[in-house]
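Trainee: got a predicted structure plus its sequence, pasted below:
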Amino acid sequence: MRALIYELAGAIGAGALDVAGRPLLIRQLQWLRELGIEDVVVELAIGPHAVDRGSWLLGNDPLTARCVVIPTRCAIGVAALSERAALDDDELFLALPANLVVHAELTLPTLCCTYAFGPPAFALQETPAIVAFRTRGAQAESAAEHGGWALRVGDAATAHALSCAVLSHQAPLLVVHAAELREGIWLARGARVAEDAILLPPTLIGVDARVFAKARIGPNVIVGQGAVIEREAVLSEVVVAAGTLVGEAARVRQAQVDARGITSLADHTRTDIDDALQLSGVSLPTAYVGARLLALCLLALLALPWVLAFTVTAARGKRVTRRVLFRGAALHVGSIGVAVLDVVPALFDVLLGRRDLLGVAQHNALELEGTRAEGPARAGAIDLSSALAPGASISTLLWMWRWYLHNKTSQLDRALLWRALGGGRAGRKATTPHG
Amino acid sequence: MAESVIRVLSFPGPLLSAEAVAAIEGALREQPDAAPVVLDCQHLTEVSASGLSALLELGRSASGMRELGLTQLSRALTLMAIQAGLAERFSIFATNEACMRSFAAAGSASCAP
């Protein structure tokens, strides 16, 4: 038997919500495996954390080895998803909404049937959640009640509440992949906590996370993988995203924290924070030494006319620069032209390791359908955007930006640079061997 | 109304290049009608930036005029499709047959033998 995990229109991306250290989607796959179902079709609609979910599902994890991912533009429904996944008309499958956490022991039926699960005792939801065994064309109408529980997790606040319940042993069937240091305090593999840091239950310190001296963590705090909590930070009712660095003496309450800002768990308002001392990413890639040397050479080259001009001026007492009008302002520039000066500040960023030499220029400011275009790659001093999708529409260019941010390699950059300079084909990238 | 035939087109080689997409575009232009077309990606193993952008543009230009389906994407190609938003321009199916059945059921087109 197969299972279909389908998106819901009002909860796109719910599978990425963290539940006690594991994404909801992974929790669902773990439950399905316990039932004996390993062939799972997962709908992945365009929306929040689509790339993250895709990376989990299409990676090397044995749990997802037999998952089939169907990318969709929006939630298409169970029937359409089963059609796209090439299920036979009369094939019985388990239809599981993407925002539902279920814990129950089920015997797999042989006919269409529907089960209703009540919410767990700690949850505020009252209406039961439905899980259906059905075919593409038919499903059972009446829902039989079943032991166990199910919880609809549609937002970060509900996921956080469920996580805290799991850490407090109120939802014992969900496994916490960490060691319990003492009642309600969980430390995952590689987590390090300073001796004088204060941890209040329930709290989970994720894989390879670090908590520095005199930090006060908890209650109800989930620290993601690789996150760093600096000294004297105070966190309560907080979810810290993986790879986030919370600055020294920062105080955060009732929020979801990532490297770029915080999202309130109460009203879901987002506040961007552009202060590396408060919030930043832990593992920022640094520019290679070769890129920095090249940036230094380019700076020297760009500065050379100015140095010569000032030297001649000093020697002969004459101005050798030209006065030109540029956008209504008069500028004295050297013979290399005005536009090149735009790259000078960016080259300084490369020298300081804040940018790559090659890349797209302003991806932090890029908005795509209301979501920020993000990826592990940083901005580049020399902009390759023109070579990504020459002559294409804006919407295509935006998608190519997003693809580039996740697939940037030095080989791809060199090919795009060559293309930008007018030669050859651009950007030949092999798919990974396990694809 | 004359019944249109749904065709299955395969990319000419393992590389998704601008030239490969141009070949597909040429094949589409030769079609006299606006019947849906299935693009079989089973043999694609490499993707170039130019090919990907050309494919996105193909989907954009065909939008509203002709239904295009992508089928049999490998796992790596599926991940790239997610990163590049191919689902916004194409309907993605697991198999050619599923795609053809869906297109046939949606309109008056029939599956090519």
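Mentor: Sure, I can see it.

Trainee: what about the closest residue to residue A:109 other than its chain neighbours, distance to chain B?
Mentor: Excluding the flanking residues, the one nearest residue A:109 by CB to CB, 6 or more residues apart in numbering or on different chains is residue A:133, at 5.2 Å. C-beta here means a position set from N, CA and C on the backbone, and glycine is covered the same way. Computed as CB to the nearest CB, to the nearest Å, the residue A:133 to chain B distance reads 21 Å.

Trainee: again, but for residue A:7
Mentor: 12 Å.

Trainee: so that residue touches residue A:72, yeah?
Mentor: Yes - counting by CB atoms under 8 Å, residue A:7 touches residue A:72, with 7.2 Å between them.

Trainee: shared neighbours of those two, anything?
Mentor: Common contact partners of residue A:7 and residue A:72 (CB atoms under 8 Å, 6 or more residues apart in numbering or on different chains): A:43-45.

Trainee: buried members of those into ChimeraX, please.
Mentor: Selecting only the buried entries of those in ChimeraX, with 16 or more other CB atoms under 10 Å in any protein chain shown as the criterion:
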select /A:43,44,45
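
Trainee: filter the shared contacts of residue A:7 and residue A:72 down to just the ones in strands.
Mentor: Using DSSP state E, A:43-45 are the members of the shared contacts of residue A:7 and residue A:72 that sit in strands.

Trainee: after the longest strand belonging to chain B, which helix or strand is next?
Mentor: Secondary structure of chain B per DSSP E: the longest strand is strand B:5-10. With elements assigned by DSSP states H and E, the helix or strand that comes after strand B:5-10 is strand B:15-16.

Trainee: and that next one, average pLDDT?
Mentor: Averaging pLDDT along strand B:15-16 gives 92.

Trainee: thinking again about what came up before, residue A:7 and residue A:72: which is more packed in?
Mentor: Taking neighbours as other CB atoms under 10 Å in any protein chain shown, residue A:7 and residue A:72 compare with residue A:7 leading, 26 against 22.

Trainee: ok, back up a step: show me what the longest strand of chain B packs onto, helices and strands only.
Mentor: helix B:18-30, strand B:37-40, helix B:96-106, strand B:110-111 (3 or more CB pairs under 8 Å, 6 or more residues apart in numbering or on different chains; DSSP states H and E).

Trainee: mind redoing it with 6 Å?
Mentor: When contacts are defined as 3 or more CB pairs under 6 Å, 6 or more residues apart in numbering or on different chains; DSSP states H and E, strand B:5-10 packs onto strand B:37-40, helix B:96-106.

Trainee: can I get these in a markdown table with mean pLDDT and mean neighbour count?
Mentor: Formatted as a markdown table, the helices and strands packed on strand B:5-10 follow (pLDDT from 0 to 100; neighbours: other CB atoms under 10 Å in any protein chain shown):
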| stretch | mean pLDDT | mean neighbour count |
| --- | --- | --- |
| strand B:37-40 | 94 | 24 |
| helix B:96-106 | 92 | 19 |
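
Trainee: export those as a markdown table, with columns for distance to residue A:108.
Mentor: Shown next, in a markdown table, are the helices and strands packed on strand B:5-10 (distance: least, CB to CB, whole Å):
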| stretch | distance to residue A:108 |
| --- | --- |
| strand B:37-40 | 33 |
| helix B:96-106 | 24 |
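
Trainee: could I get these in CSV, plus columns for distance to chain A?
Mentor: As requested, the helices and strands packed on strand B:5-10 are exported to CSV (distance: least, CB to the nearest CB, whole Å):
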stretch, distance to chain A
strand B:37-40, 12
helix B:96-106, 4
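
Trainee: tell me which of the ones you listed lies nearest to residue A:92.
Mentor: Judged by CB to CB, the one of the helices and strands packed on strand B:5-10 that comes nearest to residue A:92 is helix B:96-106, at 17.7 Å.

Trainee: could you check the angle the closest one makes with strand B:5-10?
Mentor: 150 degrees (axes from the mean of the first three to the mean of the last three CA atoms, to 10 degrees).

Trainee: work out the gap between helix B:96-106 and the centre of the chain.
Mentor: Distance of helix B:96-106 from the chain centroid (CA atoms, centre = their mean, to the nearest Å) equals 13 Å.

Trainee: and the residue in the stretch 251-400 of chain A that chain B sits nearest to, how many residues sit next to it?
Mentor: Chain B sits closest to residue A:389 of the stretch 251-400 of chain A, with a gap of 3.7 Å, by CB to the nearest CB. Burial of residue A:389 is recorded as 26 neighbouring residues (other CB under 10 Å).

Trainee: give me the element the nearest residue to it once chain neighbours are set aside is part of.
Mentor: Nearest residue to residue A:389, sequence neighbours excluded (CB to CB, 6+ apart): residue B:53, at 3.7 Å. Following DSSP H and E, one finds residue B:53 within helix B:49-62.

Trainee: quick check: next helix or strand after that helix?
Mentor: In N-to-C order, the element after helix B:49-62 by DSSP H and E is strand B:68-71.

Trainee: that next one packs against which elements?
Mentor: Going by 3+ CB pairs under 6 Å, 6+ apart, strand B:68-71 lies up against strand B:37-40, strand B:91-93, helix B:96-106.

Trainee: residue A:163 is in contact with residue A:122, correct?
Mentor: No - assessed by CB atoms under 6 Å, residue A:122 is found out of contact with residue A:163, at 11.4 Å.

Trainee: wait, doesn't residue A:69 sit right on residue A:44?
Mentor: Yes - using CB under 6 Å, residue A:69 makes contact with residue A:44 at a distance of 5.4 Å.

Trainee: and residue B:3, what pLDDT?
Mentor: pLDDT, residue B:3: 56.

Trainee: next one: residue A:384
Mentor: 77.

Trainee: that one and residue A:416, how far apart?
Mentor: As judged by CB to CB, to the nearest Å, residue A:384 and residue A:416 stand 4 Å apart.

Trainee: can you check residue A:398 too?
Mentor: From residue A:398 to residue A:416 the distance is 17 Å (CB to CB).

Trainee: of these two, who's got more company?
Mentor: Applying other CB under 10 Å to residue A:398 and residue A:416 shows that residue A:416 carries more neighbours, namely 26 against 19.

Trainee: which residues touch residue A:12?
Mentor: By CB atoms under 6 Å, 6 or more residues apart in numbering or on different chains, the residues touching residue A:12 are A:45, A:47.

Trainee: pLDDT score for it?
Mentor: At residue A:12, pLDDT is 92.
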